[in-house]
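Student: Sharing a model that was predicted from the sequence below.
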Amino acid sequence: MASVNITNVWKYYGKTVAVKDLNITCKDGEFVSVLGPSGCGKSSTLRMLAGLEHISAGDIHFGDTRVNDLEPKDRDIAMVFENYALYPHKTVYENMANPLRLRNETEETIKKRIAFAAEMLEIEHLLQRKPMELSGGQKQRLALALAFMGDPQVLVLDEPSTGLDPQIRRQVQDHIRDMKADNRAVLLSTHDIEEAARLCD
C-alpha cells in the first residue's frame with residue numbers, strides 16, 4: 001500500500017483555474033477529507049488522482065511512484081462516484097465478481113470475497129438482483145463493495161452519500177467507516193463538514 005502526495009498541483013479548464021497550487025499528503029492508513037462547496041475543485045482533484053483528468057501542473061505520487069502520466073488502470077486506485085458506475089445488465093454478484101475475475105482470482109476466492117463484503121455491507125440478500133432493482137442506498141453500498149473487491153492501494157470517494165435520504169446516508173457513512181482498512185490511503189470529497197468530521201482522520 002502507499003501514501004498519496006499531491007504537490008503544487010494546478011488544474012485549468014481553458015483560462016479557468018479549478019485547482020490552484022494544491023498540496024495534500026495522505027499517509028498509509030489515513031483517511032483525509034477534501035472539504036468545500038460545489039465548484040471549489042474537489043472532484044477535479046480526485047479525478048486527477050484517478051487519472052481521469054489531466055494534471056495541468058505539479059506532481060502526484062503514490063508512495064515513490066509519480067503517477068502523472070500513468071493510465072487509470074495502472075494506478076491501483078478505486079473510485080466511488082455519486083452516480084455508482086454499475087453494470088446494469090449484471091446481477092449484484094456479477095458486478096462484484098467482475099474486478100476479481102479481471103485479476104484471474106479462482107471462483108472459490110471470488111465467492112469468499114463476495115460473501116465477506118456482502119455481509120459487511122448488508123447486501124447478501126440482494127446478490128441475484130440487478131442494479132435497476134436496488135434502492136439508492138443499496139446501489140451505493142454495492143459501489144463501495146466494488147471499490148474494495150480489487151484491494152486497491154488508494155481509495156477515492158467522490159461525494160459518495162450525496163442525494164441519499166438522511167437515514168440511508170448515515171448507514172452508508174457507517175459502512176464507509178467500517179470498511180476503512182489499515183495501510184490504505186483513503187480520500188473523500190464532501191461539502192458536508194459533519195460527514196468529514198465523522199469519517200476522516
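Tutor: All right, it came through fine.
Student: Relative to N68, how far out is V156?
Tutor: In this view, V156 and N68 are 16 Å apart by CB to CB, to the nearest Å. Where you see a C-beta, it was placed from the backbone N, CA and C, and this is true even at glycine.
Student: Between those two, which is the more surrounded one?
Tutor: Neighbours were counted for V156 and for N68 using other CB atoms under 10 Å; V156 has more, 25 against 14.
Student: Low-confidence ranges, this structure, go.
Tutor: The chain contains residues with pLDDT under 70 at 1, 82-84, 163, 179-183.
Student: Please enumerate the helices of it.
Tutor: Here the chain has its helices, by DSSP state H, at 42-50, 92-102, 107-120, 136-149, 166-179, 193-199.
Student: Let's have the ones you listed in JSON lines, adding distance to D21 and mean neighbour count.
Tutor: Shown next, in JSON lines, are those (distance: least, CB to CB, whole Å; neighbours: other CB atoms under 10 Å):
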{"stretch": "helix 42-50", "distance to D21": "12", "mean neighbour count": "22"}
{"stretch": "helix 92-102", "distance to D21": "35", "mean neighbour count": "19"}
{"stretch": "helix 107-120", "distance to D21": "38", "mean neighbour count": "15"}
{"stretch": "helix 136-149", "distance to D21": "29", "mean neighbour count": "23"}
{"stretch": "helix 166-179", "distance to D21": "29", "mean neighbour count": "16"}
{"stretch": "helix 193-199", "distance to D21": "22", "mean neighbour count": "15"}
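Student: right, and those helices - which one's nearest V32?
Tutor: Shortest distance between V32 and the helices of the chain, using CB to CB, is found for helix 193-199: 9.4 Å.
Student: Counting by contacts, list what the closest one packs against.
Tutor: The criterion is 3 or more CB pairs under 8 Å, 6 or more residues apart in numbering; DSSP states H and E, and the helices and strands that helix 193-199 contacts are strand 31-35, helix 166-179, strand 185-190.
Student: May I see these organised as JSON lines, with distance to G51 added?
Tutor: Shown next, in JSON lines, are those (distance: least, CB to CB, whole Å):
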{"stretch": "strand 31-35", "distance to G51": "17"}
{"stretch": "helix 166-179", "distance to G51": "22"}
{"stretch": "strand 185-190", "distance to G51": "14"}
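Student: Those: which one's closest to Q140?
Tutor: With CB to CB, the closest approach to Q140 among these belongs to helix 166-179: 5.2 Å.
Student: And the nearest residue to V172 once chain neighbours are set aside, how far from I114?
Tutor: Leaving aside its chain neighbours, V172 sits nearest to S161 (4.6 Å; criterion: CB to CB, 6 or more residues apart in numbering). The spacing between S161 and I114, counted by CB to CB, is 23 Å.
Student: ok, now T65?
Tutor: For T65, the distance to I114 equals 30 Å [CB to CB].
Student: ok, now G41?
Tutor: Separation of G41 from I114 (CB to CB): 36 Å.
Student: now T106
Tutor: From T106 across to I114, the span is 13 Å (CB to CB).
Student: Likewise for V17?
Tutor: Per CB to CB, V17 is found 43 Å from I114.
Student: ditto for G58
Tutor: For G58, the distance to I114 equals 38 Å [CB to CB].
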